[in-house]
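**Student:** Let's see this in three dimensions:
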Amino acid sequence: MPAQTGLTRKNHFLPKCYQEGFTDSSGRVWVKFANCENAKHLNPRSVGWERNLYVRYKGGIEDDKFDKFFAEYVEDSFALFCLRLMKTPAAGHPLPRGADP
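**Tutor:** Predicted coordinates for the structure are as follows:
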C-alpha cells in the first residue's frame with residue numbers, strides 16, 4: 001500500500017510546548033538517553049518523537065487525525081496554560097512590583 005503524502009509523520013509523545021519550559025537561553029534542552037553515556041544538548045523539535053506514532057489506518061487508508069486533534073485541541077491549550085502559569089506568582093512569592101502577570 002503506497003504511503004499517503006502530506007501526513008504529519010514526526011509525532012511528538014513529549015510535546016514541544018512542554019519541553020520549551022525546560023529550555024536554556026539557547027532554546028535547547030539537555031537530554032540524557034539511557035543508551036548514551038553523556039547528555040546531549042538538543043532542540044525540542046528533535047526530542048520526544050516517533051515516526052508515525054499517531055498515523056492510523058482506517059479502511060486501508062492512512063490518516064493523521066489523532067495528531068491534528070492533539071495539535072489543535074490539546075497542545076495549543078496546554079501551551080497557553082503553561083504561559084499563564086509561568087506569569088502567575090507562586091503562592092507566597094508575589095511578582096516584583098510593576099511586573100505584568
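
**Student:** How much space separates Asn52 from Thr8?
**Tutor:** 9 Å (Cβ to Cβ, to the nearest Å). Quick note: C-beta positions are derived from backbone N, CA and C, even for glycine.

**Student:** what does Trp30 give?
**Tutor:** 26 Å.

**Student:** low-scoring stretches of the protein, by residue?
**Tutor:** Along the chain, segments meeting pLDDT under 70 span 1-4, 89-101.

**Student:** Helices of that one, start to end?
**Tutor:** Counting by DSSP state H, the segments of the chain that form helices are 16-19, 65-69, 76-87.

**Student:** Can you list the buried residues in the second one?
**Tutor:** For helix 65-69, the neighbour count (16 or more other Cβ atoms under 10 Å) marks Asp67 as buried.

**Student:** Also the last one?
**Tutor:** Within helix 76-87, the residues scored as buried using 16+ other Cβ under 10 Å are Ala79.

**Student:** just how off-centre is it within its chain?
**Tutor:** Its chain's average C-alpha position is 13 Å from that of helix 76-87, according to Cα atoms, centre = their mean, to the nearest Å.
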